[in-house]
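K.L.:
Could you work out the structure for the sequence below:
(one chain, ligands or ions: 1)
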Amino acid sequence: ILKGKVAVVTGSTSGIGLAYVRAFAGAGANIVLNGIGAPADVEKTRTAIENDFGVKAIYSPANMAEPIEIANMISFAERTFGSVDVLVNNAGIQHVSPIEDFPVEKWDAVIAINLSSAFHAIRAVTPGMKQRGWGRILTTASAHSQVASPFKSAYVAAKHGIVGLTRTVALELARSKITCNCISPGYVWTPLVEKQIPNTMKARNMDRDQVINDVLLAAQPTKEFVTVEQVASLALFLCSDDAAQITGANFSIDGGWTAA
Ligand code: NAD
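P.N.:
Numbering: from 1, shown residues only. Purely as a prediction, here's the structure:
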């Protein structure tokens, strides 16, 4: 469904972003990878996409905290492939701290990478998408776009902000055949989550199942993790023509977290 199209996915060197690019490449899109990673690992990821799916993949090391680097990433993609048809704002970081101790520079970094980067990227892709009369803009928000948790003030503020940005852009581009939506996962099984388990087992004197059910999945009624493939599959659907009338929406994929 994306044959001949070009997808830019920020923060796609690991986790959910990597699953997005593999799903889009599987549907025929050429890919712009972005994110932090050792050059050898990034190159391995890039060539695997080309070999597995027979598409072209390029890498931009743009730092999502830097507006100029974001604009340059989009023009690099347009110069190389001739267009950007799908943009997924996915790069994200977390910082956990009580509000009164929250480091100012961590607040600025979370807002820059999780919220402002989406503004800069959307701003840069919109002229081309309008000109070609087709576009799909997605952002990975979070269950924290709808509900809060203590000690995550910057993350929760940024993810709530993404919903407002998404709705505004959806209205502005509604007549241009460009949709703008967000996907809001609960706890997704990524290496990042997996790595927390042994330490939490030790710190709380719990076994593996207790950590998973009572700590990690405490808020997730299904008591199961979302998989990166499930998130990517929703993203691919939102890129399809069947989803042409879905815009300004925020899709929960959270095992019932935000139903509670
Ligand atoms: P991850 O750490 O595996 O991926 C984050 C990606 O962002 C990586 O590729 C990283 O290199 C990149 N990144 C970080 N800082 C960057 C910067 N300054 N410039 C460019 N790239 C940068 O984590 P993930 O779980 O796959 O997270 C992806 C998105 O999903 C984030 O926006 C996160 O908030 C959101 N999310 C994750 C979960 C979860 O449970 N894992 C749940 C809800 C939402």
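
K.L.:
In the protein, which residue sits furthest out from the middle?
P.N.:
No residue in the chain has its C-alpha farther from the mean C-alpha position than N205, which lies at 33.3 Å (CA atoms, centre = their mean).

K.L.:
So that residue versus the ligand, what's the distance?
P.N.:
For N205, the distance to the ligand equals 24 Å [CB to the nearest ligand atom, to the nearest Å]. Quick note: C-beta positions are derived from backbone N, CA and C, even for glycine.

K.L.:
From V215, how far out is that residue?
P.N.:
Separation of N205 from V215 (CB to CB, to the nearest Å) stands at 12 Å.

K.L.:
Residue numbers of this protein in contact with the ligand?
P.N.:
10-17, 34-36, 63-65, 90-93, 113, 140, 142, 185, 187-188, 190, 192 (CB under 6 Å from any ligand atom).

K.L.:
Narrow the residues you listed to those in strands?
P.N.:
Assignment to strands by DSSP state E places the following of these there: N34, T140, P185.

K.L.:
mind putting these in a markdown table, pLDDT, neighbour count and distance to A235 included?
P.N.:
Below are those laid out as a markdown table (pLDDT from 0 to 100; neighbours: other CB atoms under 10 Å; distance: CB to CB, whole Å):
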| residue | pLDDT | neighbour count | distance to A235 |
| --- | --- | --- | --- |
| N34 | 98 | 30 | 16 |
| T140 | 98 | 28 | 8 |
| P185 | 98 | 24 | 11 |
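
K.L.:
with those residues in mind, which one is nearest to K177?
P.N.:
Distance ranking of those against K177, using CB to CB, places T140 first at 22.7 Å.
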